Structure formats: structure tokens, C-alpha cells
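In: Attaching a predicted model along with its sequence, questions to come.
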Amino acid sequence: MEISTEKSLWYLFIEGDLNAFSSLFKHFYPMLYNYGLKISGNTELTEDSLQSFFVYLHEHRHTIGKVSNIKAYLFISYRRNLLNNLKKERKYTTYDDSSILESNFSLSIEELSSKQETFKLKSAILLKLLNSLSAREREAIYLKYYSNLNTKEIADVMDITYQSVLNTLQKAFTKLRNKSESRLIQNIINT
Amino acid sequence: MKNIDQHFLENLIEDQSFINWIKKSNRNDIQYWNSWISKNPEQIETIELAKSLVLGIRFKETVIDEKKIDKELQKALSSIHLKSKPTLPIYKQKKSFISYGIAATILIIIGLFLGLQQYNTTTVHKTAYGEIINLTLPDGTSVVLNGNSTISYDKENSRDIKLIGEAYFKVKPIPSTKAKFWVTTNDLKVEVYGTHFHVNTRDEKTDVVLDEGSIHLVLDNGITKKMIPGEFVSFSKNTENITHKKVNLQVPYSLWRDGTYIFNNLTLKEVMKNMEYTYGISTNFKTKELEKKLISGGIPNKNLKICLAAIEKSANVKIIQTNNTLTIINNN
């Protein structure tokens, strides 16, 4: 979706146009759904909360204020919404967001493309390495390369600073590089 | 993380020229970075890490069945029609009167703000230092706005623009009504039907370069000028200086918009002026001779650090940055 069409759709949506609402729904539903599923690991909860999230957006559209980046705005609000729902569901009230997220964002082999340019590793090995990263590192990687958010947007979504997003990504890739190198060396020794 | 130049890495991953090199999409950038790396082998670790950060991990998209999305959409639409409350409200249920009071006040403020916005009918686009944006105006005209620049226009009429800074316009002609398009600066007014041209108001004067079509200028002192393609006019209200000449190579004036400044035998002084306006910095020359050094070639302009490194190399000088001031000294 071109940025300008996205903006005009958003404007019409705020005005109460249900066709615009439907277009936005269709466009953003898949990426928000996939993201939600990664956070909650629960299809039913993801579906329900996304459903009510969109209805809520429509109902409260007049109080939304100025949104400069629609995609980031939706990711931020939906994430917050879903985390609140998760807290209720699991009676997690005393825990903070990061402990809820701790077990999430594990990736599966179907989600990895077999053509990797950065690491010439078998998907299974790369998957193992990725899943050995911290949940925060996995979320940052997921948002950047799966959801195609930029660094500023990731910072807003994860509610951390621009600098920590960069550090997180860097640490993740340094770890991956080190591990993939030692893998390669091991393979050479073994053969 | 040893051998990683943190600041440089951050600049690299946002730099279009560097990304072009990784994606092998621009021959100039490929040449530039290949030679840069061979001359700076100590940066190889940083380059490698930046490269993996840009390339990242490749994912396959999990496709969601369209029928399912439609079904969910219908569900959402029917809840909207029923005006039923969401099943999982975002706010907590229990709230004191005080928080309702606060919420109500906030709503009133937001309401007032929205109400006031409706009276404000001017649209403004502003770029930060070093930022370049592409805009399409409501009439279909496209504008590339260079860093630290502002355009504004009345919402009702996007064909009457005010400009401070530097911009390139591709005006969409409207043959049926022959609607004119105006760009007004501090010094003059440009009047066109449909054409491509470049306007720069930095340095207390306005420069106009015409690429295509024809335009009329109405200078602040009442004089009108007609321009034909390939011409350059510069006028300053304060000094009443007019320059009207043919430019063989338009490149020094217009190629910044591809993310690269192309300089064609420009003095280092003029080059640094460009940097000052784009990045909001000031420069000091250690000696007068340094100002006169000539520079030719392309310099990526989206990133100050890389930009300066390129200038250092091509002018054979050293640039020292302290806060917002650059000092240029001889490279000995």
C-alpha cells in the first residue's frame, strides 16, 4: 500500500467511512495477526483480541489524535492491547511485559526462507541459533525483517529507545555470526 | 564487541549508498564502496556486521486465507453496526470518578484541538537536517524537498506554494483550465503551467534552474523574467543582484535529490555551504587557500559522516568535527 493511499484511507476511516475501515482491516489484519500470534502463541486469543481491537479503533476513532505513521501506530496499540488481554487471561497482573514475552517469538522452520544471504547455513541450524537468542532479540529481528518496520518504528513498538533497538539487533547478529562461525569450524573438524 | 566502530556502523545501516552497494544496485556506489573498503581494511568487521544487519534474516510470509479475513471483517462490521461494546475493553473496568474527570478533560482538550485544526487551513511540509522527502501535492505535482526546507500552501489551493530552502518541482499541467502554478520565495515568484524546475532559497537569495518547459519569474522589485530550459536565474531582494545565465551542466544544482550531491568543479567553500544548509552546521577554514580547492564528483549526502569522509578524500583535506562546527585543515 502506498503511503499516500494509506494516509487518505486513514483520513476517511476517521471520518467514519466503513469502506476505508474495511480496506485498512484487510491490509493490516494479516501482519497484525501474525505478530499477535508470535506474542500470545494462542490463535483464539489472537483472533478475539484483534477483532475487538479493530472494533475499538472504529468506536474511538475521534479520540485517536494525529497519527503520523499508521503501521507503527497499529503495531504499538495492538501490542499493548494484546499484552493487557494476556495479563488478564493468565492472571499475570503482577508480572511486567517482558516476563510475558520471555517465552515468545520462537520461530519455526516453515517461517524461514531457504535462501539466506547473511548466513549460509541449513535452515534447521539457523533456526536453532535464532531460537537461542533472547526473546527481545527475536522480537526485534521479527519486527525488522518479517514485519518490515524500521528502527524508529521498532523502538516505538517495543517501547525502548532507538539506541537499544540498534544494540539489540547488533548483539543478536554478533551472536549469530560467532555461533555460525563456530558451527562451520565444527563441521570442518568433524568431516 | 571489538573492532566495531559504533557510530560509523549506525550511519552505514541507514545510508542509501551503502545499501545500494550491498544490493549491488548502483554501479557508482559499488565502485565507491569497493575502493573505500580496500583503503580502510581496519573497518572490515564493522562493514561485515553492517552488511548482515542490512541483509538480515529472510522470512517466508505466512499467508492467511482471504476467506478467513473476510469472515473476521464481516464480524467486525456487524459489531460496529450493533454498536456493541468490545468484548475485551482496553481500559480497566473499575475507574474512580477522578479518572473519569481526567479522561473527560483530556477529551475536551483533544476536541478543542481538533476543532482548532479545522480553522487552520495551511498545509506545511518540513524536512529535518539531512532528510529528503518526496511529496505529491493534491493537484498531482510532485516535489522533492531537500533537508532543512519547508513548503506550505493553503489546503484549498495547492498550486500556490511558499518555499523556504531547496526543492525540485515537477508541476503537473492542467491543460483544460490552463491553471497556473506559483512558487513564492522571499525574493521572487515563479509562475508556471507545467514544467520541471529547481528552486533554492539558501544564502539570502533565490536560485532557479529550469529543466523543462518555460517559466516566468516575478522578482520582488517588480521586474519579470522569462526562462527557457537550461537557464539559471539568481536574485536577491537585499542586494538586488540578478544573475541570468545558461548553465551547460545543471548537475551542481539538481542532482542532490538522488541522495548524492554531484559537484562539478565547485570550490570547497561552495561545497561546504551546501553541507551547512543541509545539516545545520557551521564550517571554519584554517587558511583562505583551502576555500578555493576545487571538487568534482559525486558525494552521498544522506549521512554527514560518510559525506565528510568523501569530501576529505576528494579535496585531500582533513575535517575535524566538534559539536556543530567543522574545521577544515590541510592534510599533512
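Out: Happy to help now that I have it. Numbering: from 1, shown residues only, chains lettered A, B, ... in the order given.
In: So what's the residue count around residue 178?
Out: All of this is about chain A. Applying other Cβ atoms under 10 Å in any protein chain shown, we find 11 residues neighbouring residue A:178. C-betas here are computed from N, CA, C, even on glycine.
In: Wait, chain B was what I had in mind.
Out: 9.
In: That one belongs to a strand?
Out: No: counting by DSSP: H, G, I helix; E, B strand; the rest coil, residue B:178 is not part of a strand but coil.
In: pretty sure it is touching residue B:192, no?
Out: No: using Cβ atoms under 8 Å, residue B:178 is not in contact with residue B:192, being 11.2 Å away.
In: Can you pull out the low-pLDDT segments for the chain?
Out: All of this refers to chain A. For chain A, the stretches flagged by pLDDT under 70 are A:1-4, A:90-103, A:184, A:190-191.
In: Let me rephrase: I mean chain B.
Out: For chain B, the ranges with pLDDT under 70 are B:1-3, B:83-120, B:248-265, B:297-298, B:300-302, B:332.
In: Show me it divided up by domain.
Out: Following automatic domain parsing, one gets these domains for chain B: B:6-55, B:66-119, B:123-251, B:259-330.
In: Can you add distance to chain A and give these back as TSV?
Out: Formatted as TSV, the domains of chain B follow (distance: least, Cβ to the nearest Cβ, whole Å):
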stretch	distance to chain A
domain B:6-55	4
domain B:66-119	4
domain B:123-251	6
domain B:259-330	14
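In: next SSE after the host helix or strand of residue A:36?
Out: Taking DSSP states H and E as the criterion, residue A:36 maps to helix A:18-40. For helix A:18-40, the succeeding helix or strand toward the C-terminus, using DSSP H and E, is helix A:43-59.
In: ok so, going back, quick one: list the elements packing against the helix holding residue A:36.
Out: If contacts are counted by 3 or more Cβ pairs under 8 Å, 6 or more residues apart in numbering or on different chains; DSSP states H and E, helix A:18-40 sits against helix A:3-15, helix A:43-59, helix A:70-89, helix B:66-82.
In: Out of the ones you listed, which gets nearest to residue B:126?
Out: Between residue B:126 and the helices and strands packed on helix A:18-40, the shortest separation by Cβ to Cβ is 16.6 Å, and it involves helix A:3-15.
In: who touches the closest one?
Out: A:1, A:19-21, A:23-24, A:27, A:58, A:61-62, A:64, A:67, A:70-71, B:136 (Cβ atoms under 8 Å, 6 or more residues apart in numbering or on different chains).
In: just curious, which of these is nearest to residue B:8?
Out: Using Cβ to Cβ, the contacts of helix A:3-15 come closest to residue B:8 at residue A:71, 29.3 Å.
In: OK, contacts around the closest one?
Out: So residue A:71 contacts A:6, A:28, A:149, A:153 (Cβ under 8 Å, 6+ apart).
In: Next one: it from chain B, what distance?
Out: Here the criterion is Cβ to the nearest Cβ, to the nearest Å. By it, residue A:71 lies 16 Å from chain B.
In: measure that residue to residue A:177 for me?
Out: Going from residue A:71 to residue A:177 by Cβ to Cβ, to the nearest Å gives 30 Å.
In: same check, this time on residue B:139
Out: Counting by Cβ to Cβ, the gap from residue B:139 to residue A:177 is 50 Å.
In: Counting neighbours, which of the contacts of helix A:3-15 comes out on top?
Out: Highest count within these by other Cβ under 10 Å belongs to residue A:21, 23 neighbours.
In: any idea what sits nearest that one, other than its immediate chain neighbours?
Out: residue A:13 (5.1 Å; Cβ to Cβ, 6 or more residues apart in numbering or on different chains).
In: Can you tell me, leaving aside adjacent residues, what's nearest to residue B:12?
Out: residue B:50 (4.1 Å).
In: got the CA positions of whatever helix or strand the one you found lives in in CSV?
Out: Using DSSP H and E, residue B:50 falls within helix B:44-55. Extracted in CSV, the C-alpha atoms of helix B:44-55 (Å, rounded to 0.1, in the frame of the first residue of the first chain):
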residue,chain,number,x,y,z
ILE,B,44,36.1,-4.6,7.7
GLU,B,45,34.5,-6.0,10.8
THR,B,46,32.1,-3.0,11.0
ILE,B,47,31.3,-3.3,7.3
GLU,B,48,30.6,-7.0,7.6
LEU,B,49,28.3,-6.5,10.6
ALA,B,50,26.5,-3.7,8.9
LYS,B,51,26.1,-5.9,5.9
SER,B,52,24.5,-8.7,7.8
LEU,B,53,22.2,-6.2,9.6
VAL,B,54,21.0,-4.8,6.3
LEU,B,55,20.5,-8.2,4.7
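In: residues in contact with residue A:164?
Out: residue A:155.
In: what about it, which SS state?
Out: Per three-state DSSP, residue A:164 ends up helix.
In: gap between it and residue B:305?
Out: Taking Cβ to Cβ, one finds residue A:164 at 21 Å from residue B:305.
In: likewise residue A:169?
Out: Remark: distance between residue A:169 and residue B:305 (Cβ to Cβ) = 19 Å.
In: More neighbours: the two, which one.
Out: Neighbour comparison, residue A:169 and residue B:305: the larger count goes to residue A:169, with 23 against 15 (by other Cβ under 10 Å).
In: ok, and the closest non-adjacent residue to the most centrally placed residue in chain B?
Out: Among the residues of chain B, residue B:132 comes closest to the average C-alpha position under Cα atoms, centre = their mean, at 1.2 Å. Of all residues not flanking residue B:132 in the chain, residue B:146 sits nearest, at 5.8 Å (Cβ to Cβ, 6+ apart).
In: Run through the residues that contact residue A:118.
Out: Taking Cβ under 8 Å, 6+ apart, we find residue A:118 in contact with A:173, A:176, B:51, B:52, B:55, B:56, B:57.
In: now, which of the residues you listed sits nearest residue B:27?
Out: For the contacts of residue A:118, the nearest to residue B:27 is residue B:51 (18.4 Å; Cβ to Cβ).
In: quick one: contacts for the closest one?
Out: If you count contacts by Cβ under 8 Å, 6+ apart, then residue B:51 has A:118, B:22 around it.
In: picking up where we left off before, distance between the helix holding residue A:36 and the chain's centre?
Out: Relative to its chain's centre, helix A:18-40 lies at 12 Å (Cα atoms, centre = their mean, to the nearest Å).
In: Now it: buried residues?
Out: A:20-25, A:27-40 (16 or more other Cβ atoms under 10 Å in any protein chain shown).
In: Kindly report the same for stretch B:161-179.
Out: B:161, B:162, B:163, B:165, B:166, B:167, B:168, B:169, B:170, B:171, B:172, B:174.
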